[in-house]
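Chemist: sequence first, predicted model second:
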Amino acid sequence: MMMLKIAWRNIWRNRTRSLVIVGAVSVGIWAALFLIAFSWGMSAQRISDAIENQLGHFQVHHPQFRDEDQDLKYRLENGMQLAADLQRDPRVKVATARLVVPALAASSVTSSGVELDGIVPEEEQLLTHLDQKLKEGTYFEDIRRNPVIISSKLADMLDVKLRSKIVLSFQGPEKNIVAAAFRVVGVYRSANSGYDKLHVFVRRSDLQALVNDDQMVDEVAVKLNSLDSVNGVLSDFRKVHPDVQAESWADLAPDLKVLNSAFDQGMQIFVFIIMMALAFGIVNTMLMAVLERIRELGILMAVGMNKGRVFRMIMLETILLSLCGAPVGIFVAWLSIYWFGTHGIDLAVVGQGLESFGYGSMVYPSIASHFYVDIVVQVFVVAVLAAIYPALKALRLKPVEAIRKI
């Protein structure tokens, strides 16, 4: 207890120096926590966008459909019935049967490879909110034959606009080329420019008419009421239907895992850099504190204070300074994360670059509560390790020489 009182008094003998360390610890904790929250916010936003606006929670296909470049030969037998059965599950928000084929979209100017999605408009509204992404036109409200919705990016590539005609051609189930003219009734834009360039939406019934099969589907996309129920619903479905392939959003988008993993690793590197900067700051400040008190430390050792107590005193001073800075850093981090988690961080200035990776321009930081404890422990460990060198420097002092120091 006496050593604790001495250490506490020592750290406030030079308030400016002590406040520098307290400030450094506070900023280090705040920066580390906020970077983690920002990383989590980016990852959560990307995953949520992929599930809510592109993939759904899981999809069902013929076992060879995805491996064989979405060949219509590998149709999903009884796909419409599978979707109807899934829709009756109370855990399912919407289950929709689609017809998805690789196609070529051509205008009078140029052409581009696309994925042609034959959808049920009312069900797609619940699955991907396509109607909310429209920037121009209407959502399949035009009763004319063969309406199509394309992205603004594809419209620019093809040099077309509303009410323009484009020709969509694809390989039919019998290896024949199927082509038809479609009129652009809507133009959409999402937060993922890569997705926009590829996806073209038509009514499923129009696409089925072109292949002369009003029951043909090759994909059932499912959105659940809760992300937590994905594994349970998938497990139950696979037991009843072992002959088809049911894959979760994580299996459907492995690139999403890679991107999020790379982003998390980048944030960890930044946190490591912050900790190293904090460590050097503590070493520098505590070393100055030791060098300024050489004569005092020499007197203490001359009158009987052993080296172990001198070492503990220096370590205690560093620990106390860190403990003073920790609550401030935690509070500021919590306040920052709460504020920006509610109002968001607008990254519109780099929005175009983010869209190429599928990230939106608004980020809402979030963090699990255990990270607060983890970062404080890391800062505490860094502070203790950083204090070792100044403490060892004090132990190397020779009392006789130290007393004569001016």
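Modeler: Sure thing, it's come through. Numbers count the residues shown, from 1 in each chain.

Chemist: do you have the helices of the stretch 101-250 of the chain handy? List them.
Modeler: 121-128, 152-158, 193-198, 204-210, 230-240, 249-252 (DSSP state H, counting those that start in this stretch).

Chemist: so which of those gets nearest Q87?
Modeler: With CB to CB as the criterion, Q87 lies closest to helix 121-128 of the helices of the stretch 101-250 of the chain, at 9.0 Å. Where C-beta positions appear, they are placed from N, C-alpha and C, glycine not excepted.

Chemist: for the stretch 151-300 of the chain, give me the ranges with low pLDDT.
Modeler: When residues are selected by pLDDT under 70, those of the stretch 151-300 of the chain lie in 257, 259-260, 263, 291-294, 296-298, 300.

Chemist: just to revisit the earlier point, same list, the helices of the stretch 101-250 of the chain, but as CSV with distance to A289 please.
Modeler: CSV is the format used below for those (distance: least, CB to CB, whole Å):
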stretch, distance to A289
helix 121-128, 61
helix 152-158, 60
helix 193-198, 54
helix 204-210, 74
helix 230-240, 55
helix 249-252, 52
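
Chemist: for A84, find the nearest of those.
Modeler: Ranking those by proximity to A84 (CB to CB) places helix 121-128 first, at 11.3 Å.

Chemist: ok now stretch 23-32, how far from the chain's centre?
Modeler: 23 Å (CA atoms, centre = their mean, to the nearest Å).

Chemist: let me fix that: stretch 312-325
Modeler: 36 Å.

Chemist: tell me which residues of that stretch are tucked away?
Modeler: Judged by neighbour count using 16 or more other CB atoms under 10 Å, the buried positions of stretch 312-325 are 312-322, 324-325.

Chemist: and those residues as TSV, adding pLDDT, distance to N225 and secondary structure?
Modeler: Listed next are the buried residues of stretch 312-325 as TSV, based on pLDDT from 0 to 100; distance: CB to CB, whole Å; DSSP: H, G, I helix; E, B strand; the rest coil:
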residue	pLDDT	distance to N225	secondary structure
R312	78	58	helix
M313	78	60	helix
I314	78	58	helix
M315	80	54	helix
L316	81	54	helix
E317	78	55	helix
T318	80	51	helix
I319	79	49	helix
L320	82	51	helix
L321	80	50	helix
S322	79	45	helix
C324	83	47	helix
G325	83	44	helix
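
Chemist: nearest to L55 among the residues you listed?
Modeler: Nearest to L55 among the buried residues of stretch 312-325, with distances taken as CB to CB, is G325, at 44.0 Å.

Chemist: that older thread, of the helices of the stretch 101-250 of the chain, which is nearest I29?
Modeler: Between I29 and those, the tightest spacing by CB to CB is seen for helix 249-252, at 32.3 Å.

Chemist: re the thing from before, would CSV of the buried residues of stretch 312-325 with distance to A179 be doable?
Modeler: Converted to CSV, the buried residues of stretch 312-325 look like this (distance: CB to CB, whole Å):
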residue, distance to A179
R312, 84
M313, 85
I314, 81
M315, 78
L316, 81
E317, 80
T318, 75
I319, 75
L320, 78
L321, 74
S322, 71
C324, 74
G325, 69
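
Chemist: in JSON lines, list the helices of the stretch 101-250 of the chain along with distance to H370 and mean neighbour count.
Modeler: Formatted as JSON lines, the helices of the stretch 101-250 of the chain follow (distance: least, CB to CB, whole Å; neighbours: other CB atoms under 10 Å):
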{"stretch": "helix 121-128", "distance to H370": "34", "mean neighbour count": "19"}
{"stretch": "helix 152-158", "distance to H370": "41", "mean neighbour count": "19"}
{"stretch": "helix 193-198", "distance to H370": "34", "mean neighbour count": "18"}
{"stretch": "helix 204-210", "distance to H370": "46", "mean neighbour count": "18"}
{"stretch": "helix 230-240", "distance to H370": "23", "mean neighbour count": "14"}
{"stretch": "helix 249-252", "distance to H370": "23", "mean neighbour count": "18"}
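
Chemist: can you tell which of those helices is closest to N14?
Modeler: The minimum distance between N14 and these falls on helix 249-252, with 54.3 Å, by CB to CB.

Chemist: does anything pack onto that closest one? Which helices or strands?
Modeler: Here helix 249-252 is seen to pack against strand 58-61, helix 254-292 when contacts are counted using 3 or more CB pairs under 8 Å, 6 or more residues apart in numbering; DSSP states H and E.

Chemist: give me whichever of those is most buried.
Modeler: The densest packing among those, expressed as mean neighbour count by mean count of other CB atoms under 10 Å, is seen in strand 58-61 with a mean of 24.

Chemist: what does it contact?
Modeler: Contacts with strand 58-61, where a contact means CB atoms under 8 Å, 6 or more residues apart in numbering, come from 74, 76, 79, 82, 218-222, 230, 233-234, 237, 241, 244-249, 252.

Chemist: before we move on, what about stretch 130-141?
Modeler: In this structure, residues lying in contact with stretch 130-141 by CB under 8 Å, 6+ apart are 53, 119, 121, 124-125, 147, 149, 152, 162, 184-190, 201, 203.

Chemist: what residues of that stretch count as buried?
Modeler: Neighbour counts over stretch 130-141 (16+ other CB under 10 Å) mark 130-131, 133-134, 137, 139-140 as buried.

Chemist: residues in contact with the nearest residue to S39 once chain neighbours are set aside?
Modeler: In space, S39 comes closest to M267 once its chain neighbours are excluded; the distance is 3.8 Å by CB to CB, 6 or more residues apart in numbering. When contacts are counted by CB under 8 Å, 6+ apart, M267 touches 35-36, 38-39.

Chemist: out of the residues you listed, which are inside strands?
Modeler: Cross-referencing the contacts of M267 with the strands (criterion: DSSP state E) gives no overlap at all.

Chemist: out of those, which is nearest to S336?
Modeler: Taking CB to CB as the measure, F38 is the one of the contacts of M267 closest to S336, at 10.0 Å.

Chemist: what's the distance between that closest one and S261?
Modeler: Here the criterion is CB to CB, to the nearest Å. By it, F38 lies 16 Å from S261.

Chemist: coming back round to it: report the two of the contacts of M267 separated the most.
Modeler: Counting by CB to CB, the most remote pair of the contacts of M267 is I36 and F38, 7.3 Å apart.

Chemist: so the residue nearest the centre of the chain is in which element?
Modeler: Here the mean C-alpha position of the chain is nearest to the C-alpha of S43 (CA atoms, centre = their mean), at a distance of 0.6 Å. Per DSSP states H and E, S43 falls inside helix 15-50.
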